[in-house]
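> no sequence for this one, just the structure:
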């Protein structure tokens, strides 16, 4: 007796949970299959939660979701070897409820979200890997799992199986992810007592800070670093495009070497003084942007989350895009059922329409040139951080030199480094990358 | 079975914690050691416990007694003499046909009855298959505290209570546990954790006969047979004089042969860490450590072993500890006597060769 | 046949990861798992069920998240799961734990009488192996510890024959049902459940009992209050004063280091050298 479901969701990360929850809440018979031992075991700790995306799924999530700190201050730093130039934005408005962003620890959060999914009526099985999709005449009709009797059928299968998804590739929906389009990041959780953390980062209980960094810490490779404050720990991490690690890494620096150097950087070291490293992990982040988003719907299938490359690398947003695409996929399925339509490509096309109309595709489209431009112009990671830091140092050192001369010095350093043409070209490229 | 006693009512204290010894339990006096025997021989752990028990009894100024349960023809008198020689002042001997060969029910009844009658303040048992089986049952019957696998026993001067130390939090830390408001205080200790005491054949003591009065018909469990292990299968890690151990630093199961080779030259036993056993490289019986065996050899050579606490507590009593590890910061160098920082896959064969030659030369001279 | 298997959720101390740069052991964020020894007990219980029919109930005393451990047991093939969870159980030592579990088993037995209670040999976090014997004593069950094999179960005669690991050999014991068995590890291969089993278990409700529902009669015997043993202090192991005499291979050759080491060992303990020489001669 082969059991049949309205929908199968492969993966219990943010996008899978968003999809499964939304459908189960609407009364659909949903099966969710996760290959890890428990939801969150294959996901990585230390992240940002975007309230807006989650509110649209679970409006009252704040009641019992495990949240670390709500973010009241954002710091953006450009680092060279020993210094940084940064801009901070802090606002008491961020303290007014409802809070907009929180830091979370993924293991706890995913588990909470998964419980909600189960409470909503979906069935969740773990430690089970979907080996491939079951097809019938070009249409997905179910999945085959690595257990005895592991064929399960459904009207639609939603692939939420993350950046390394093999299912879609096996089924031929999209090619292997190119190393150019994915970043390899490593992070550590560092424990620090609450009071110390709060004093050091100048926040009160429940308040948090996010620091985003770029510069020479990535040794010329395209990448960024970050530091988040959790309740009694810090998350610190750094990542670069995988292809850069392979081909633009003359020093053959490994990701954790970059992280060690980051931790030693004079701007960062004092912040992590006295912490105890408790957790270390590595993961891949899709960063190809707009042009790397594959076909996201077909005969009886949809792709959501990281599996679809839905990550806005410019703003380091991923989980909100994941949750949003999960929700939109679910809504598509729900509407189709209500209208009595089948889960054909024609019907499921509505999902793409929704995604295109949402901030997800709009933002990806806006930054569509960014990956390519950054790849071709790594002066943004080397010369500019240097120039900007030098300029600041010149400007802020009071040494008897007159200010006009200082300005002249700064201007000429830029010009000699990049040339006037180069500077103008860079400005144009930045504009193009972000328009 | 006697009725389970409800724990005595505690005086109303802060948060109802069990910290004060009620008056009526203050009459409990004396240190007891359960003398475990099987097929004609006493398990040496009982002697080790008498050694430790002697120290505790002297600190408390109370007598030390051995407790021996067995069948009428099992030579229990001989065990009692031996117990006196190992430090006991007296022995309680309970002889009954139902006690021939260990079974939980008659032994639990017997020991419980003895404790209820004679009220010792401390009862120690070896943490062996028999000891653990018995200790848990007796402690539950008496509704008292039992601390398992203690690495250290002491007397707390203020309360005169037994302070039992054992590993905790998966072995990374140690904790000291006390049973303050209940009697007797029970503890089990693994073989080789305590030092074997000096045997004094001149020493004698008193023998107290005890009766059980339990009909065989009333005992439900029957011992149908005993299948001894083949001697060739016997791995006598616990009492080995020289042990060569390997850990995950050896990288591959094939490399474990290097450990075996050195052990062969030294006539040593082969030991291993838990990860190696869990990975299936060697038999479970070779595991040294908190959940494996405790050893006290004259020479312990640890190759590719980091020295995490779980392993450490199983071997740090060794006379000479030699560590071979490629990581100079490995914790094992904190408590080894000698160390070589290098690749175990190179060092082990070199050591094997060097020992072989050295011993061969000496052996020729001796011959 | 109705079997109850007691399981515990423990931190997975075996899942130690080592940081690639600092080589320190990382323990935080380690997930909680079913005590591995308990899985062997469960597997044996399931095999008996396969052979004789009946049902298997898994029981756990723990915090709310221990439900995950029970779910895992359900997915392996257990029929029912009961989580006994209550703040009042916190801080329980083995005596208080066995009291709570025994109460729960009694309550379970009132719905359907229990033939065998299984537990694992010990837990990987507590390692005492005391709860099994404690529960048996309280429920007046025949106790069989360190069982390596179930030889036979006769439901009409109400007897069970087992092989039990003792020092130097194996005891073959027969006793009457109901009984309590603590099962050794590596006695059977743990099954990998089929899809039907997974789906069935995903639907199964884990029953959650507080102390009243568990049938605890005397609150003074559970949790911290019911624990005769008191932890008086927790500390790290002492570091030794004598520093190790370490030779680094780089400065000297492997051969030299080996020779030096042998010299040092035998100088320190000449009797040992004597011993080893004698062994070589013999």
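Noted; the coordinates are in hand. Treat the numbers as computed from the prediction; the structure is a model and nothing was measured.
> Can you say which helix or strand has residue B:58 in it?
helix B:44-60 (DSSP states H and E).
> how much does the next helix or strand after that helix deviate in direction from helix B:44-60?
Downstream of helix B:44-60, the next assigned helix or strand under DSSP H and E is strand B:64-70. Strand B:64-70 runs at 150 degrees relative to helix B:44-60, counting by axes from the mean of the first three to the mean of the last three CA atoms, to 10 degrees.
> Sheet partners, orientation included, of strand B:64-70?
Strand B:64-70 sits in its sheet next to strand B:31-34 (parallel), strand B:90-95 (parallel), going by DSSP bridges.
> Could you single out the most deeply buried of these?
Most buried of these by mean neighbour count (mean count of other CB atoms under 10 Å in any protein chain shown) is strand B:31-34; its value is a mean of 30. Just so you know, the C-beta spots here come from the backbone N, C-alpha and C atoms, and that holds for glycine as well.
> any idea how far that one is from the chain center?
In terms of CA atoms, centre = their mean, to the nearest Å, the centre of strand B:31-34 is set 14 Å apart from its chain centre.
> Residue ranges of each domain in chain A, please.
Structurally, chain A divides into domains by automatic domain parsing as follows: A:4-66+A:105-175+A:294-357, A:180-286, A:371-434.
> Which one, of the ones you listed, ends up nearest to residue B:196?
Proximity to residue B:196, assessed across those by CB to CB, is greatest for domain A:180-286 (41.4 Å).
> what about that closest one and chain C, touching?
Yes - Domain A:180-286 is in contact with chain C by CB under 8 Å from any CB of the partner chain, via A:189, A:191, A:254, A:256-257, A:260, A:277-280.
> Restricted to strands, list those residues.
A:189, A:191, A:277-280 (DSSP state E).
> Could you identify the least confident member of those?
Note: of these, the lowest pLDDT belongs to residue A:278, at 72.
> How about residues contacting whichever strand or helix holds residue B:271?
Secondary structure assignment for residue B:271, by DSSP H and E: strand B:269-272. Residues outside strand B:269-272 that contact it (CB atoms under 8 Å, 6 or more residues apart in numbering or on different chains) are B:235-237, B:240, B:242-247, B:256, B:259-260, B:263, B:281-282, B:286-288, B:293, B:295, B:297, B:300, B:315.
> returning to what we had before: just put the strands paired with strand B:64-70 in a markdown table and tack on distance to residue C:113.
Formatted as a markdown table, the strands paired with strand B:64-70 follow (distance: least, CB to CB, whole Å):
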| stretch | distance to residue C:113 |
| --- | --- |
| strand B:31-34 | 35 |
| strand B:90-95 | 35 |
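> Now mean pLDDT too, for those, in CSV please.
CSV is the format used below for the strands paired with strand B:64-70 (pLDDT from 0 to 100):
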stretch, mean pLDDT
strand B:31-34, 98
strand B:90-95, 96
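> what's the following helix or strand after the lowest-mean-pLDDT helix or strand in chain B?
The helix or strand of chain B with the lowest confidence, counting by mean pLDDT, DSSP states H and E, is helix B:309-315 at a mean of 83. Sequence order places strand B:320-325 as the next helix or strand after helix B:309-315, per DSSP H and E.
> Report the distance from whichever helix or strand comes after that next one to the chain centre.
Using DSSP H and E, the helix or strand that follows strand B:320-325 in sequence is strand B:338-341. Centroid separation between strand B:338-341 and its chain, computed with CA atoms, centre = their mean, is 30 Å.
> What mean pLDDT does strand B:338-341 get?
pLDDT averaged over strand B:338-341 gives 92.
> For that strand, which helices and strands make contact with it?
Contacts defined by 3 or more CB pairs under 8 Å, 6 or more residues apart in numbering or on different chains; DSSP states H and E place strand B:338-341 against strand B:320-325, strand C:245-248, helix C:254-268.
> These into a markdown table, with extra columns for mean pLDDT and distance to residue A:84?
Below are those laid out as a markdown table (pLDDT from 0 to 100; distance: least, CB to CB, whole Å):
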| stretch | mean pLDDT | distance to residue A:84 |
| --- | --- | --- |
| strand B:320-325 | 94 | 40 |
| strand C:245-248 | 83 | 39 |
| helix C:254-268 | 90 | 47 |
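> Point out the most buried one among those.
Using mean count of other CB under 10 Å, strand B:320-325 ranks as the most buried of these, with a mean of 25.
> How about the residue nearest in space to the middle of chain A, nearest residue that isn't a chain neighbour?
In chain A, the residue lying closest to the centroid (CA atoms, centre = their mean) is residue A:318, at 3.1 Å. Nearest non-adjacent residue to residue A:318, counting by CB to CB, 6 or more residues apart in numbering or on different chains: residue A:311, 4.2 Å away.
> Model confidence at the one you found, what's the number?
In this model, residue A:311 is scored at 90, pLDDT.
> Domain parsing of chain B, as residue ranges.
Recorded structural domains for chain B (assignment: automatic domain parsing) are B:14-218, B:232-366.
> which ones are touching residue C:58?
With CB under 8 Å, 6+ apart, residue C:58 has these contacts: C:4-7, C:42, C:70, C:73-74, C:78, C:80-82.
> Could you give the average pLDDT over the helix or strand containing it?
According to DSSP H and E, residue C:58 maps onto strand C:55-61. For strand C:55-61, mean pLDDT is 96.
> what does the stretch 101-250 of chain A put close to chain B?
Contact residues (CB under 8 Å from any CB) of the stretch 101-250 of chain A with chain B: there are none.
> any idea where the helices of chain C begin and end?
Using DSSP state H, the helices of chain C run over C:36-52, C:67-76, C:94-111, C:131-139, C:195-203, C:254-268, C:270-281.
> looking at those helices, which is buried most?
Comparing the helices of chain C by mean neighbour count (mean count of other CB under 10 Å), helix C:131-139 ranks first with a mean of 27.
> Quick one: residues in contact with that helix.
B:4, B:104, B:108, B:132-133, B:135-137, B:139-141, C:6, C:94-95, C:97-99, C:101-102, C:105-106, C:117, C:119, C:141-143, C:145, C:178-180, C:182.
> That one versus helix C:36-52: what angle between them?
Using the same axes, to 10 degrees: helix C:131-139 against helix C:36-52 is 60 degrees.
> Since that was my last question, I'll sign off now.
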